[in-house]
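1. Below is the sequence, then the predicted model.
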2 protein chains.
Amino acid sequence: MTVPLKELEFTLLDVLGFADSEHDQHIAADLSLRETALDVLINAEKIAVNTLAPSAQKLDIEEPYVKDGRVVLPIETQQALKQLAAGGFIAMSFDEKDDGLDLPFSLSQACAALFASANVSIYSYALLTQGAANLIAHFGSPHQRARWVPEMLRGQVFGTMCLSEPHAGSSLADILTVAVPRDDGRFSVRGRKMWISGGEHELGENIAHLVLARTPDAPAGVKGISLFLVPRFRNATTRESNGVTLIGLNHKMGWRGHVNTALAFGDEEECIGELIGSLHKGLTYMFLMMNEARVTVGLCAAAIGFAGYQYSLAYAHERRQGRKLGERNPDSKQVPIIEHADIKRMLLAQKVYVEGGLDLVIYCAKLVDILRSSADALQKQRAALLLDLLTPIAKSWPAEYGLEANKLAIQIAGGAGYTRDLPLERLYRDNRLNPIHEGALGIHGLDLLGRKVSMHDGEAIKTWQQEIEKTLAASEAYPSLLPMCQDLRSALDKLLKVTETLVLTQKNGNVEQSLANATLYLDAFGGVTVGWRWLVRSLVATQRLTTREQESDINGFLRGKIKACEYFRLYELPRYCAELDTVGLMETPPLTMQGDEF
Amino acid sequence: MTVPLKELEFTLLDVLGFADSEHDQHIAADLSLRETALDVLINAEKIAVNTLAPSAQKLDIEEPYVKDGRVVLPIETQQALKQLAAGGFIAMSFDEKDDGLDLPFSLSQACAALFASANVSIYSYALLTQGAANLIAHFGSPHQRARWVPEMLRGQVFGTMCLSEPHAGSSLADILTVAVPRDDGRFSVRGRKMWISGGEHELGENIAHLVLARTPDAPAGVKGISLFLVPRFRNATTRESNGVTLIGLNHKMGWRGHVNTALAFGDEEECIGELIGSLHKGLTYMFLMMNEARVTVGLCAAAIGFAGYQYSLAYAHERRQGRKLGERNPDSKQVPIIEHADIKRMLLAQKVYVEGGLDLVIYCAKLVDILRSSADALQKQRAALLLDLLTPIAKSWPAEYGLEANKLAIQIAGGAGYTRDLPLERLYRDNRLNPIHEGALGIHGLDLLGRKVSMHDGEAIKTWQQEIEKTLAASEAYPSLLPMCQDLRSALDKLLKVTETLVLTQKNGNVEQSLANATLYLDAFGGVTVGWRWLVRSLVATQRLTTREQESDINGFLRGKIKACEYFRLYELPRYCAELDTVGLMETPPLTMQGDEF
């Protein structure tokens, strides 16, 4: 039930040209990278299948609990994380100077797809630790970096992100946690944090909490927030407490194998933190790193969707029910349900959602790689613009449609799919989180329409448009791709036109009107973007089928990509076009409706 | 968190003209019915709020289990069912000769909305018993009717429907349970049944299982299926077993307070059943009664959606987060989230889904009332056609969109909505069943497009069209309703055109092609139908606001209906129109995709 390796190979190597000199000038010298990538993926798949997947159901049932003040987790959690760390899967995309493996982030994300589809509850500990380590590596002092990052990459220390507070979730400007300077240059941290994943457990020797807080003289709002590193223990060996108290565990609908906590800092005894970077830059640092964290949320959503897709596909091949339409003989054998058009429609929908979503997030991961290591300044600049623009989409679109895919997977298995005997309902419950955390859907709509499309005088959206134009130009050489080229171009034109109107409205000061439908705009922008990704995928498949027809074992796989693109054109794209008409409306019920009218 | 009474009043009395002489000639004489209806609703609300709602969370956690061979349920289940029975809420729409109260089915459904929104797990026992009692009352012998129905309506005996078998869910033609004639005119029943809700428990004195089975010489397929009444105990007082064995309990994602079982008949000892009606008519009987059962599924789905809508609405009024767009002062107070346009959009979407769905199912219930008691033959004939046509829609549309509403309710409450501290995730889990049971979504698409729209030479869809035309004609007198009239008419025209093409394709023998997108057709047909219902609602509100402006306490409520209709026009209808373009496609990926191409 993990993502098939040939799918990752296709997306990472063929579609995204991983380690392809034509695409990646900066790594062309390393001719072995392609083979390394395949080796890494094979090893990752082994851990996913043999270690992570088998405990997923158990972890869903045996939720974390507190005993004698300690959080108890099923032993499989620690065993799996040890394997992941030992295999280098936490460290893989970090610098060698941090004891990392210096492998591309896109390859790391491809591995993450395997792990998250197999057991997102366990893998989240690794993801959070990577995110926290990344922040320390970028903005911490050389001493902090050397002190913490290697231990985190080895799985000795785990990381958390402590942002939300009970009264401040989406609105981080309103956090109240304070950090008072001490004589030794460190800070006394005091406050309460909510929704802290991995906030307390015994998986490693220590936990490094990254905490947003205000110093006493800090300005109000987002400009007064600083970032602090707060260890759980002052001394990991003696377990000397640092005043971080577990208030309670949150009990969620899904993601149940991952401990989620409410924490108090400095409630019972002093809690000491170190400033990361400069004062009042906490949110800036967080946002700089958030691109990667947010792309990873999209990755998890697509991966969980993938697990459901694979399971329901196998189920549809095996389960016999009903007969072909027009078969009137009741004594004839029932057919596998994959022969029914409506089942194939639901499989195709899942396919375009999860493969399209995965392609999009790995594309974004590749942009991260270019930013990190390209020598070409222009290429880097373009990658930065694209990544900024696409981050809200790479977070949100796979989250929405990964969940939709899981819903369809249940539907294919019918009553059985609704029971806890099959993994489908668990995957659906797990995926319901993704449109909520790391910025709820509506927040990303405001980010995209209120900021990203107009930043740098619209340079990002122009760059995005140019990338799509390139694909269109290459695809138009193939008559079979012309319908998709036309429909995608027309959707793109519509989107650009609406964007122009809305940005102008915004500039004229009518901010509320222009952003009233920002969430729908985000959805439609995602639809056009994923439509583009599907055209790229169909183009690559078409080219391969044209030039290398001898590979008959993969021809069905490639034809599937072309048909899936056609499905996207006929069944998905029209909805986005209709949505774009709505997006352009200004004085609409969501603005005019009064509270007492509901 | 139940449906507000003023909402039921508006829908049942104002919109559907319940007990209104203009609409209901047959009950115009009973001038007190309107007041009776309000009294009944007030009593139902009391039970919903005071008895059913408080145990909903407990029942979700404390699932049924088997101890010493008996199913154990939380005591609240039995207590609540006793109240429902004592209050006449199981008996209410049955004939007086069955010890029923002879009240309209539409009123019974309005009460059901209150009960199902408060606690669908408990109320389902009553619903199933009503369904089984209805079958016995219609097709059983006078003796069977007198023996069983009154006890069922008093809550002494509960009913089940035993249709599915492990290998035969959607495909009832393939059931294998046999019923061998005995010398005394009764039958020995032998076989296994799956997904039997309420299949075993100690809630009453006995259980009346209605079992589909084949006699030994029966023809293959659906034409050889007969219906049998199989009591759990041969003698309720002595608890003498009748050979019905509990094989196991099913553990579902939601609906956890309701016991769902796998049963064996005649496995260990003889199981004796009585034939209901004539041999080989079992499925016909079942389908004749299924209209009401299916409308009730839609009712439950809308009601569960309603509970989430009400909860998230209250949450949005209370929860403060963020500021109005453009407010730059970080020291200003956070606003209730209902002031954000995107929150209002999600509330409006829920509103049109759950109010529209509820209106549709109560409209269908009113058709049942006309069928039962109208003296006007033409009116009855039209009602029969409309009910047949709309049943797949009244079952499916609220199921799909009630679930979607629950998804949005979670989104409004963010991280809190994803926890089990709030009821929203439970409602979402509960509602996921509704697109699956009583005929999965795809089955209803085939029913609608493959049978209903072409039956009686298209007479049903013509009748439906005429009803919509009537509303359009009445609405066009109000300029404010003209945009909706135009957009609805254009959607209707599009739907009728696609229908004509597809029916023709079918008649020409291309059955697979014409039905390839039947599920989408069902969705779009539902969208146009609910769009019509919203125009009716907006028309009624407009008329009341025009003629009785003094009622200022209800003006906000009425304006809300008008704005919700406008929301439906701008945000929902365009999607259905886009879908209708797709529905008309014939050679599409869902038909051409091969198994190895996924």
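-> On my side now, so go ahead. Numbering: from 1, shown residues only, chains lettered A, B, ... in the order given.
2. Outline the domain layout of chain A.
-> The record's domain parsing of chain A by automatic domain parsing lists A:5-152, A:159-279, A:451-589.
3. In JSON lines, list those domains along with mean neighbour count, mean pLDDT and distance to chain B.
-> (Glycine included, C-beta is placed from N, CA and C.) What follows is these, written out as JSON lines (neighbours: other CB atoms under 10 Å in any protein chain shown; pLDDT from 0 to 100; distance: least, CB to the nearest CB, whole Å):
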{"stretch": "domain A:5-152", "mean neighbour count": "19", "mean pLDDT": "92", "distance to chain B": "10"}
{"stretch": "domain A:159-279", "mean neighbour count": "20", "mean pLDDT": "96", "distance to chain B": "3"}
{"stretch": "domain A:451-589", "mean neighbour count": "19", "mean pLDDT": "95", "distance to chain B": "3"}
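4. what would those look like in JSON lines with distance to B:L8?
-> Listed next are the domains of chain A as JSON lines, based on distance: least, CB to CB, whole Å:
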{"stretch": "domain A:5-152", "distance to B:L8": "39"}
{"stretch": "domain A:159-279", "distance to B:L8": "30"}
{"stretch": "domain A:451-589", "distance to B:L8": "23"}
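5. where's the closest residue to A:P64 other than its chain neighbours relative to A:D421, distance?
-> On the basis of CB to CB, 6 or more residues apart in numbering or on different chains, the spatially nearest residue to A:P64 that is not a chain neighbour turns out to be A:V259, at 4.0 Å. If you measure A:V259 against A:D421 using CB to CB, to the nearest Å, the figure is 26 Å.
6. With A:D447 instead?
-> Plainly put, A:D447 is 41 Å away from A:D421 if you go by CB to CB.
7. Of these two, give the one with the bigger neighbour count.
-> Comparing A:D447 with A:D421 by other CB atoms under 10 Å in any protein chain shown, the one with more neighbours is A:D447, at 23 against 14.
8. Which residue, neighbours along the chain excluded, lies closest to the more buried one?
-> If the residues on either side of it in the chain are set aside, A:D447 comes closest to A:P392, at 4.8 Å by CB to CB, 6+ apart.
9. Are we agreed that the one you found is in a strand?
-> No: under DSSP: H, G, I helix; E, B strand; the rest coil, A:P392 falls outside any strand and is assigned helix.
10. correct me, but it touches A:R294?
-> Yes: applying CB atoms under 8 Å as the test, A:P392 and A:R294 come out as touching, 7.4 Å apart.
11. so what sits against both of these two?
-> When CB atoms under 8 Å, 6 or more residues apart in numbering or on different chains defines a contact, the residues bordering A:P392 and A:R294 alike are A:G439.
12. ok, back up a step: spit out the contact partners of the residue nearest to A:P64.
-> Applying CB under 8 Å, 6+ apart to A:V259 gives the contacts A:P64, A:V71, A:L73, A:S197, A:G198, A:G199, A:E200, A:H201, A:L249.
13. ok, now with 10 Å
-> By CB atoms under 10 Å, 6 or more residues apart in numbering or on different chains, the residues touching A:V259 are A:63-66, A:71-73, A:77, A:121, A:124-125, A:196-201, A:203, A:246, A:249-250.
14. who's in contact with A:L427?
-> A:L427 is in contact with A:1, A:56, A:60, A:117, A:120, A:254, A:303-309, A:311-312, A:402-403, A:405-407, A:409-410, counting by CB under 10 Å, 6+ apart.
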